[in-house]
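1. mind looking at a prediction? Sequence and model below.
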Amino acid sequence: MHKYQQLNFWKKSKDLSILVYEATTCFPIVEQYSLTNQLRRSAVSIPSNIAEGASRSSNKEFKRFIEIANGSAYELQTQLLISKEVGYLESEKYEVLNAELLSVIQMMNKFKSRL
């Protein structure tokens, strides 16, 4: 069992989910139950799956949850790009969020390879 709150990639992914919540507050109201919701759910799914996997009794199970978190990260990356391309997210904000996301992905993959 791992202490997920001590994992830097969990901390960064949690902080990223907060940034996504903040970034989507200015999205059009018509997107409240579609793209806004999808972005938020994908973002929250990353640290949530890391935490759930850390509670498992084996590294094999933990690895699987990191893979699920990684899938959510790529989902989020796609949704951020769409948000930028439809004009809901400014390019500068997109770049910041995407850079943070890529950092989380890299950290997760490095950790996973050591399990």
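-> That came in fine, so what should we check first?

2. which residue sits closest to residue 38, ignoring its sequence neighbours?
-> residue 79 (5.6 Å; CB to CB, 6 or more residues apart in numbering). Where you see a C-beta, it was placed from the backbone N, CA and C, and this is true even at glycine.

3. can you check residue 75 too?
-> residue 42 (4.5 Å).

4. and what of residue 48?
-> residue 69 is the one closest to residue 48 (CB to CB, 6+ apart), at 8.0 Å.

5. beyond the one helix or strand that neighbour maps to, next helix or strand please.
-> Following DSSP states H and E, one finds residue 69 within helix 59-85. Downstream of helix 59-85, the first helix or strand assigned by DSSP H and E is helix 91-114.

6. what helices and strands are in contact with that next one?
-> Contacts defined by 3 or more CB pairs under 8 Å, 6 or more residues apart in numbering; DSSP states H and E place helix 91-114 against helix 8-24, helix 59-85.

7. and of those helices, who's closest to residue 114?
-> Taking CB to CB, helix 59-85 is the member of those nearest to residue 114, at 9.3 Å.
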